[in-house]
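1. return a 3D structure for these sequence lines:
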Amino acid sequence: MFNSVQTELFRKHIGPFLFCFFTVMFLLLMQFLILHVDKLVGKGLPFFVVVELILSNLAYMVVLAVPMAVLVSTLIAYGKFSEWNELTAIRAAGINPIKLMYPMILTGFVLFGAMAYFSNYILPESNHKARSLFLDIRMQKPAFDLQPGIFYEDLDGYTFLISEIDNETDSLYDVQIFQDASDNRRRAYIIAERGWLESADENTLSLHLYNGSTLRFIPGDRRSEETMERNAFTRYRMSFDLTDLTFSRSNPDRRSRNDRTMSAQAMLAVVDTIRTEQKDEHRKFKEATGQTEQRPFHSEPSRSVNMIRNDVQDTLQIYQSDFLALQHLPNPSTKIAAINRAINTIDRYNSELDNLKSNVSWRDFRVAEFLVEVHKKFSIPFACVVFVLLGAPIGMLTRKGNLGVAALIGGGLLTVYFIAIIQGEKLADRMIISPFWGMWAINIFFLVIGIILTLHVSTSIRITNLFRSDE
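-> Numbering: from 1, shown residues only. Got it, this is the predicted structure:
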């Protein structure tokens, strides 16, 4: 009988899990399309390329949607189980409620293993393919990538600067174009009050300009002479050949990878390489400064260095130097020369030290970024286990199994969770906290709360009893 109860409870998770999973996937997909629709519309892209781009971006959505679905489905299933007084019947039969959680805890670990594998092997490849596709799409009809107030140089031989773009009418305002010299055109500077773009076909782009002027640089007979020709116009048309910029697929394997497109093993190998480079930097520093043993590094001149500089500034006090070695030199000029050599040596030391600190610090930040991504690949999937231990006792305590209550509680918990993940990632990238705590702190926090609430519903242990004083 008890096994049938566990089976029934497991079945109650399936419907809410699938509903929540596909709902979150739909919302994330809509968010993706809203953010990137301007990069896809009007490009003349093949339909299957757009579909491939969307599918390759679904991978990161799956990693986020599965833990969310686990939490909401757990809240609904155990809340409904408690609401229908089945939990009371189980307790009356002498069965500990924690046994009801065993199948879902096991399922949480299975999902953790599956999502960890997915996050480590499938997600990086999907991210790499999506990134490569985005770069290819950017080269398709580049005039559509014009941004107000930003120099655009992707069209060979031309530089554009637009002050304002009206997206409703596709009008351009305060247009400035810098035209480089070539075999069939001269160097020129073109300005206009407004303009608009027209694409007759995939290989030609026309720019219509109104109320402006052109300034052309015409070379003379001799190389040193150059004439500037200025003309005003009310209407002017420029045509651009886009034959070399039509959409073409590049090989993703030829593109470099970043931390979002690498597996944990690959990132750890990079981390080892970076740490080896840091050791080489320390070794080179020791060789350059003549050090034979490990000594603490100082980035600021020491008190002794300042005393040496003071001795140089006042030659009248050279015989009263605090440095005993200087007292044995024969005359002030010899002492000053010795001091100057010491200062030059110290300055070189500080310069080498600054370079060392800069190189090591930069590599430390790179190591932190890679380690954050390594921990993230396992911390977010592990939320499947954490949310079972957290959602089950909360569902039992609320005694509400409807979607509204579960969505309200789940939304609050997920908001806290992902804010903590995002902020933890930022703090770890800045090396304020370690990558481990940046990615795992919220998991540990929720896990402790889940264990306390589980003990609360399954035993007589109450956390408040620890703070009561015996009378």
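2. so Pro219 bridges to which residues?
-> As for beta bridges, Pro219 partners with Glu226 under DSSP bridges.
3. against Ile177, how distant is it?
-> The span separating Pro219 from Ile177 equals 20 Å under the rule CB to CB, to the nearest Å. For every residue, glycine as well, the C-beta is placed using N, CA and C.
4. in stretch 372-382, what's buried?
-> Residues 372-382 are the ones in stretch 372-382 that count as buried (16 or more other CB atoms under 10 Å).
5. out of Pro219 and Ile177, which sits in the busier spot?
-> Neighbour comparison, Pro219 and Ile177: the larger count goes to Ile177, with 21 against 13 (by other CB atoms under 10 Å).
6. so the spatially closest residue to that one that is not a sequence neighbour, which of the three states?
-> Counting by CB to CB, 6 or more residues apart in numbering, Ile177 lies nearest to Ile190, which is 4.3 Å off, once chain neighbours are set aside. Of the three states, Ile190 takes strand according to DSSP: H, G, I helix; E, B strand; the rest coil.
7. what about Ile190, neighbour count?
-> The local packing of Ile190 (other CB under 10 Å) involves 22 other residues.
8. quick check: the residue lying closest to Phe10 once chain neighbours are set aside vs Leu9, distance?
-> For Phe10, ignoring the flanking residues on the chain, the nearest one in space by CB to CB, 6+ apart is Pro103 at 5.1 Å. Separation of Pro103 from Leu9 (CB to CB) stands at 7 Å.
9. comparing these two, which shows the higher neighbour count?
-> Each of Pro103 and Leu9 has its neighbours counted (other CB under 10 Å); Leu9 has more, 20 against 16.
10. the more buried one and Ala406: what is the separation?
-> Separation of Leu9 from Ala406 (CB to CB): 15 Å.
11. next one, pLDDT for Ala288 please.
-> Ala288 is assigned a pLDDT of 72 by the prediction.
12. three-state assignment of it?
-> Here Ala288 is recorded as helix under three-state DSSP.
13. against Ala192, how distant is it?
-> In this view, Ala288 and Ala192 are 57 Å apart by CB to CB.
14. circling back to that earlier point, for the residue nearest to Phe10, what are phi and psi?
-> phi -60, psi -40 (degrees, to the nearest 10).
15. number the residues from 598 up from this point.
-> With the count now opening at 598, the last piece we talked about shows up as Pro700.
16. pull up the per-residue confidence for it.
-> pLDDT recorded at Pro700 is 87.
17. and if you look at Phe1042?
-> pLDDT recorded at Phe1042 is 96.
18. could I get the buried residue list for the helix or strand where His1053 lies?
-> Remark: His1053 resides in helix 1032-1055, with elements defined by DSSP states H and E. Of the residues in helix 1032-1055, 1032-1033, 1035-1040, 1043-1044, 1046-1047, 1050-1051, 1053-1055 count as buried by neighbour count, 16+ other CB under 10 Å.
19. just stretch 691-699 next, same as before
-> By neighbour count on 16+ other CB under 10 Å, the buried set for stretch 691-699 is 694, 697-698.
20. with stretch 707-724 instead?
-> Buried residues in stretch 707-724, counting neighbours by 16+ other CB under 10 Å, are found at 708-709, 712-713, 715-717, 720-721, 723-724.
21. can you give me the helices in the stretch 848-997 of the chain?
-> Under the criterion DSSP state H, counting those that start in this stretch, the stretch 848-997 of the chain contains helices at 861-886, 900-910, 929-995.
22. mean pLDDT for the ones you listed: which is lowest?
-> helix 900-910 (a mean of 50).
23. how many neighbours does Arg782 have?
-> Neighbour count for Arg782, taken as other CB under 10 Å: 11.
24. residue closest to the middle of the chain?
-> Nearest to the mean C-alpha position of the chain, counting by CA atoms, centre = their mean, stands Arg857 at 7.9 Å.
25. contacts only, for it.
-> 721, 724, 728, 970 (CB atoms under 8 Å, 6 or more residues apart in numbering).
26. name the helix or strand for Lys679, please.
-> Careful, residue 679 is Ser; it's not Lys. In the assignment (DSSP H and E), Ser679 maps to helix 644-680.
27. how far off centre is that helix?
-> 21 Å (CA atoms, centre = their mean, to the nearest Å).
28. once you drop chain neighbours, what's closest to Gly754?
-> Using CB to CB, 6+ apart, the closest residue to Gly754 is Asp777 (4.7 Å).
29. the one you found: what's it in contact with?
-> Listed by CB under 8 Å, 6+ apart, the contact partners of Asp777 are 754-756, 784.
30. so which of those residues is the most crowded?
-> Highest neighbour count within these, by other CB under 10 Å: Tyr755, with 17 neighbours.
31. show me what contacts the closest residue to Cys981 other than its chain neighbours?
-> Closest residue to Cys981 apart from its sequence neighbours, by CB to CB, 6+ apart: Leu708 at 4.1 Å. Residues near Leu708 by CB under 8 Å, 6+ apart: 663, 667, 978, 981-982.
32. tell me the angle the helix or strand hosting Leu708 makes with helix 644-680.
-> For Leu708, the enclosing helix or strand under DSSP H and E is helix 699-714. Put simply, helix 699-714 runs at 160 degrees to helix 644-680, going by axes from the mean of the first three to the mean of the last three CA atoms, to 10 degrees.
33. could you give the angle of helix 699-714 to helix 1032-1055?
-> Interaxial angle of helix 699-714 relative to helix 1032-1055 (the same axes, to 10 degrees): 170 degrees.
34. the inter-axis angle of helix 699-714 versus helix 861-886?
-> Using the same axes, to 10 degrees: helix 699-714 against helix 861-886 is 50 degrees.
35. tell me the helix or strand right after helix 699-714.
-> Downstream of helix 699-714, the first helix or strand assigned by DSSP H and E is helix 720-735.
36. which residues sit against the next helix or strand after that next one?
-> Where DSSP H and E defines the elements, the next helix or strand beyond helix 720-735 is strand 755-763. With contacts defined as CB under 8 Å, 6+ apart, strand 755-763 is touched by 743-750, 768-777, 837.
37. so which bits of strand 755-763 are buried?
-> Residues of strand 755-763 classed as buried by neighbour count (16+ other CB under 10 Å): 755, 757-759.
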